[in-house]
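Asks: fold the following and give me the result.
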Amino acid sequence: MLGGLLHVTKGVMGSTEALRLVPALIRGHGEHRICMVLAIKNPVPLDSLQLFGAPIRVLDGDDSFQDGSYELVVGAQTFTLVKNRGEYQSIT
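Replies: So this is what the prediction gives:
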């Protein structure tokens, strides 16, 4: 299920946060590809553009990209993603 709701938790000041399965883009070092991530979807305050937040975890991390830093684009947000010893590190 693309963009599916997986889990709901209580966030700061009683707001609800939902763990979502969403598509994202990994790019850097002359490479790019689409992947699936688990990310917290925040309730959208009027003064914030931060729709997704940590923790964020790449689910399909098996690729031939070299170790290093990449950009992870989730929706309109960009996060720094690190690949170390062939594994993408969770964004916390």
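Asks: next SSE downstream of the longest strand anywhere in the chain?
Replies: If you go by DSSP state E, the chain has its longest strand at strand 16-28. Moving toward the C-terminus from strand 16-28, the first helix or strand encountered (DSSP states H and E) is strand 31-41.
Asks: what sits up against that next one?
Replies: Contact with strand 31-41 is made by 6, 17-26, 51-61, 63, 65, 72, 74, as judged by CB atoms under 8 Å, 6 or more residues apart in numbering. Every residue, glycine included, has its C-beta placed from N, CA and C.
Asks: give me the PyMOL select line for those residues, limited to the buried ones.
Replies: The buried subset of the contacts of strand 31-41, as determined by 16 or more other CB atoms under 10 Å, is captured in PyMOL by this line:
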select buried, resi 17+18+19+20+22+24+26+51+52+53+56+57+58+61+65+72+74
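Asks: and the gap between the residue nearest the centre of the chain and G30?
Replies: In the chain, the centroid-proximal residue (CA atoms, centre = their mean) is I56; its distance is 4.1 Å. From I56 across to G30, the span is 23 Å (CB to CB, to the nearest Å).
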